[in-house]
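In: Give the three-dimensional model of this entry:
(2 chains)
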Amino acid sequence: MCNVTEKQVYDELRTIIDPEVGFNLVEMGLIYNVAIDDDCNVKITMTLSTRACPLHQMITQWVEDAPKRIDGVNNVEVEVVWDPEWNISMAEDNVKQALGAL
Amino acid sequence: MFSISKDFAPPLKMIEPFFKFGSIIYLISTFALLFLNSNSNLNDLNIVGWAHLFLLGFVMIVIFGAMAQLVPVVLEVGHFSVDLYYIIFPALAIGSILMVVGFWFAPAVLPYGGLLVLVAMSVFLFETLMTLKKAESNTLTVKCVKAGNIFLTIAIVIGFFMALAIGAGVNVDLGRFLPIHIVLVLFGYVTITVIGLSMILLPMFGLAHGYDDSDVERAFKIVVGSIIVFSIATLFKLTYIADISLLGIGVGIIFYLKQVVTLYKIRARKLLDIWYKHIYVAFISLGLSLFFGILWLFFDFENGLKVAVWLIVMGFITFVINGHLLKIIPFLVWFERFSELVGKKKVPMLHEMLPDREIEYSFWLSMSGLTIGAVGLLIGSDDIFKGGVVLLAIGAIFMVQTVFYILNFKVED
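Out: As a prediction, the model looks like this:
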């Protein structure tokens, strides 16, 4: 039985900030799903705001590293998907407001 | 999906000289405008020398430096050999200076400068084409890079023979080849490269998604076709067809502007930051230069041609480049100095690496200088033109200060 919670994983992911826009990946709406199995293996499904993101590889590495800081986490797998394509409606309201989209 | 990694990203020390040299030449070229007579003919050797100072020493060098970082991003493959950029910089920098000296003071130097520029550009083209061979995708940006590089190849070969004609007396019909050289460089390389890269950068920085890109596809085909027709028509002295193809380039640019407006309308990031301000001025300048270019073409209004050239060079090209330098240089510095620290300590955001006051001074002074300079050219007043140039030059001082500030940006422990 695994005691790691999704909230713990999301909290760690909130520490990863996109240096261009200044918001973390969770509030940007870039994390689509976090799944934790009984052996505490974590699978994160995410996207990026653009396919041409020059930090693609670094961001996915940061996402892979973040849950490993939680005690008990075993393996972490990160899958980057492009469907559905990210759009601003997926971001939290504070992001929309700061970007002038609200 | 390929993405840039530490393995493919060019080291900052390789790219830094391109931006430092480019920004200093930008400053020098704005001051050099004070010594030119705005009533001179565009074929005047002083004007031609200035054009090479600006286009080679600033525009090309900055584009080449930026390409070292952008090519892996837009083509989704690693460089063939990024180390070749260590050859490109000194050859292009020294070649540009020699060419300007050749045009202004000693024509005999011109072929040597031309040869160095030819070497620099050949190495750049070789590296880019070998990198393109690895690219699997054939997006519009890839097509633009391919077409732009083919046009540049032809332009530099023609340019080299013209340098031989001026400096060493080789028999070349300058009147026939000069317009082809100008169109191939300004539209064939610079404009097509900007079109291609902007289709990656505008949606990326503006957070624009889910748009129809048929307008820019159309723009690409029309501009490329018109450049080919213009070159052939000019070669065979078919003036009427050459004029129509110039109009074709204008029509292509209108479609491109339509695409830019679409991207602007659907952008999620609506805050008016310094990048957006530069982009506004750049595209408004491009639109206005089309207007004045058409006035020249249809009504033989020579001042219209000068304003059109001024707006496309000091408005569109300069503001597109300076605006993107404020994005690209902070990113490169951040990537080199701070990316490894993410998750370990607080790192700066990219906008925090900009000196707010200096970039605002630079923007407003440059924009005022651009506008006043255009008015001076339009009414044929050299005094008003020079007034605008002074503002532009002071703006350039702040721009250089900004570039060096970002490149030296560090955070105290």
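In: near chain B, which residues of chain A?
Out: A:15-17, A:19-22, A:49-58, A:60, A:62, A:65-66, A:80, A:85-88, A:96, A:98-101 (C-beta under 8 Å from any C-beta of the partner chain). All C-beta atoms are positioned from the backbone trio N, CA, C, and that covers glycine.
In: I figured residue B:297 was touching residue B:244, is that so?
Out: No - at 9.6 Å, residue B:297 and residue B:244 do not qualify as touching, with contact defined as C-beta atoms under 8 Å.
In: give me the number of residues near the closest residue to residue A:73 other than its chain neighbours?
Out: Excluding its sequence neighbours, the residue lying closest to residue A:73 (C-beta to C-beta, 6 or more residues apart in numbering or on different chains) is residue A:67, at 5.0 Å. Close neighbours of residue A:67, defined as other C-beta atoms under 10 Å in any protein chain shown, add up to 26.
In: And the one 3 residues further on, by the same measure?
Out: Neighbours of residue A:70 under the rule other C-beta under 10 Å: 17.
In: ok, it touching residue A:7?
Out: No - counting by C-beta under 8 Å, residue A:7 is not a contact partner of residue A:70; they are 10.6 Å apart.
In: What residue in chain B is the furthest from its centre?
Out: Distance from the C-alpha centroid of chain B peaks at residue B:344, with 38.2 Å (C-alpha atoms, centre = their mean).
In: That one belongs to a strand, doesn't it?
Out: No - counting by DSSP: H, G, I helix; E, B strand; the rest coil, residue B:344 is not part of a strand but coil.
In: residues contacting it?
Out: Residues near residue B:344 by C-beta atoms under 8 Å, 6 or more residues apart in numbering or on different chains: none.
In: What about it? Give its phi and psi, please.
Out: Backbone torsions of residue B:344, given as degrees, to the nearest 10, read phi -100, psi -40.
In: Between the two ends of stretch B:258-275, how far is it?
Out: End-to-end distance for stretch B:258-275, by C-alpha to C-alpha, to the nearest Å: 20 Å.
In: Would you mind listing the buried residues in it?
Out: Buried residues in stretch B:258-275, counted by 16 or more other C-beta atoms under 10 Å in any protein chain shown: B:259, B:260, B:262, B:263, B:264, B:266, B:267, B:268, B:269, B:273, B:274, B:275.
In: Residues of the stretch 101-250 of chain B that sit close to chain A?
Out: Residues of the stretch 101-250 of chain B found near chain A (C-beta under 8 Å from any C-beta) are B:200, B:203, B:204, B:205, B:207, B:209, B:210.
In: which SSE is residue A:79 in?
Out: Assigned by DSSP states H and E, residue A:79 falls within strand A:76-80.
In: Okay, buried residues for that strand please.
Out: Across strand A:76-80, burial judged by 16+ other C-beta under 10 Å covers A:76, A:78, A:80.
In: cool, and stretch B:362-376?
Out: Within stretch B:362-376, the residues that count as buried by 16+ other C-beta under 10 Å are B:362-363, B:365-374, B:376.
In: now these as a markdown table including pLDDT?
Out: Converted to a markdown table, the buried residues of stretch B:362-376 look like this (pLDDT from 0 to 100):
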| residue | pLDDT |
| --- | --- |
| B:362 | 96 |
| B:363 | 97 |
| B:365 | 97 |
| B:366 | 97 |
| B:367 | 97 |
| B:368 | 97 |
| B:369 | 97 |
| B:370 | 97 |
| B:371 | 97 |
| B:372 | 97 |
| B:373 | 96 |
| B:374 | 96 |
| B:376 | 95 |
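In: Which of those fall in helices?
Out: Using DSSP state H, B:362-363, B:365-374, B:376 are the members of the buried residues of stretch B:362-376 that sit in helices.
In: Out of those, which are close to chain A?
Out: Applying C-beta under 8 Å from any C-beta to these, none is adjacent to chain A.
In: for residue B:120, what are its contacts?
Out: Per C-beta under 8 Å, 6+ apart, neighbours of residue B:120: B:87, B:88, B:89, B:91, B:92, B:95.
In: what residue lies at the spatial centre of chain A?
Out: Nearest to chain A centroid, counting by C-alpha atoms, centre = their mean: residue A:31, 3.7 Å.
In: beta partners of that residue?
Out: For residue A:31, the beta-bridge partners are residue A:46 (DSSP bridges).
In: what about it, distance to residue B:346?
Out: Separation of residue A:31 from residue B:346 (C-beta to C-beta, to the nearest Å) stands at 22 Å.
In: got it, and residue B:307?
Out: Taking C-beta to C-beta, one finds residue B:307 at 49 Å from residue B:346.
In: still on that earlier bit, just the buried ones among the contacts of residue B:120, please.
Out: By neighbour count, with 16+ other C-beta under 10 Å, the contacts of residue B:120 hold B:88, B:89, B:91, B:92, B:95 as buried.
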